[in-house]
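J.: quick one: sequence plus predicted model below, questions after.
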Amino acid sequence: MISNKDSGVGIELTPRGILHSCTVTLRLGEYRDVLLGLKDEKNYGRRGSDFFSDGSCVSEYITSQSKLAVVYPKGRKITEGLFFNLKGCGVGNIEDHNLTINSNLFRIKDKLFDVSDTPMDFRTETPIGERIRVGYEPLVGRHGYDHEYKLWDDVTEAMKDTSSVITESGEGTMIHEDKLIHAATLLDRSRTLEMSVYTNTQFIYLYTGNNMSGKDIGKGGCIIPNRGGVILRPATGDDAPLTYDAVCVYKFTPKEII
């Protein structure tokens, strides 16, 4: 299901159902595609659990009210990650993006660590690249941020109930991000576009494109540099299949409207 009616967000899928573009309306007549997409779908490198047996993509994408909702169905693993660059696909890297994550714990393997007094602390707005090269072992070992942050203490039944998150009425599709937890906020360097992230999973996963080689070719032939995009997606704290439908809402807010 895809809804684009007066949404402020336009999306394009590949033939297999992979999200290829996410175009945000900044102001009348001005748009920005904030999603990285490779030129050739076969090079996306998705893992098998991202697809149904017929080869179609597992995730469901819904747009409304300048929001993009991604639904990950029960019984599947969350392996798909959407790479965002709020400046545009191939427009530099994301080190100058300001990030806030509403969490005081990050996870390495099966252990949780306090973010206090470490480069992992994004509880206040901080440029992604400000501390990414410091000699802190969790960053050195993964060449940057590649970690899960804990949002909830327990997975409650209220978290699992997604019936009130996406609704249909005479006014069309409505996305109610207030039914989820506000996990993170991303803001481009020029402070023209903000992306708020909401989810119903216990963790959120942050990955800063550390292994991008600068040789990937994106949409329109653009070159995607190292750290050309950032992933902020739901996570469960383990690699097990979902026991309920996971939802992630990306809410886009232009900061300078003429």
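T.: Yes, it's here.
J.: what bits of the stretch 151-258 of the chain have low per-residue confidence?
T.: 256-258 (pLDDT under 70).
J.: helices of that one, residue ranges please.
T.: Secondary structure of the stretch 151-258 of the chain, counting by DSSP state H, counting those that start in this stretch: helices at 157-160.
J.: please enumerate the strands of it.
T.: Remark: strands of the stretch 151-258 of the chain, listed N- to C-terminal, are 166-169, 172-175, 181-187, 193-199, 203-207, 216-217, 223-224, 230-235, 246-254; assignment by DSSP state E, counting those that start in this stretch.
J.: list the strands paired with the third one, with their directions.
T.: Within its sheet, and counting by DSSP bridges, strand 181-187 is paired with strand 98-101 (antiparallel), strand 193-199 (antiparallel).
J.: most remote residue from the middle of this structure, which is it?
T.: In the chain, the greatest distance from the average C-alpha position (C-alpha atoms, centre = their mean) is reached by G170, at 29.4 Å.
J.: can you pull the phi/psi pair for T23?
T.: Summarising the backbone geometry of T23 under the convention degrees, to the nearest 10, its torsions are phi -100, psi 120.
J.: what is the burial count for it?
T.: 15 (other C-beta atoms under 10 Å). No exception for glycine: its C-beta is placed from N, CA and C like everyone else's.
J.: excluding chain neighbours, what is closest to I224?
T.: In space, and not counting its chain neighbours, I224 is closest to D216: 4.3 Å by C-beta to C-beta, 6 or more residues apart in numbering.
J.: cool, and N85?
T.: Excluding its sequence neighbours, the residue lying closest to N85 (C-beta to C-beta, 6+ apart) is G229, at 4.8 Å.
J.: also K87?
T.: Take K87 and drop its neighbours on the chain: the residue closest to it by C-beta to C-beta, 6+ apart is D188, 5.4 Å away.
J.: contacting residues for the one you found?
T.: By C-beta atoms under 8 Å, 6 or more residues apart in numbering, the residues touching D188 are L86, K87, D96, H97, N98.
J.: low-confidence ranges, the stretch 1-150 of the chain, go.
T.: Judged against pLDDT under 70, the low-scoring parts of the stretch 1-150 of the chain cover residues 1-6, 38-48.
J.: what ranges do the helices span in it?
T.: Secondary structure of the stretch 1-150 of the chain by DSSP H, counting those that start in this stretch: the helices cover 137-140.
J.: residue nearest the middle of the chain, spatially speaking?
T.: Within the chain, the residue whose C-alpha comes closest to the C-alpha centroid is L232; the distance, by C-alpha atoms, centre = their mean, is 3.5 Å.
J.: for it, give the beta-bridge partners.
T.: Counting by DSSP bridges, L232 forms beta bridges with L206.
J.: quick one: it from G81, how far?
T.: Here L232 is placed at a distance of 9 Å from G81 (C-beta to C-beta, to the nearest Å).
J.: mutual contacts of those two, please.
T.: Common contact partners of L232 and G81 (C-beta under 8 Å, 6+ apart): Y205.
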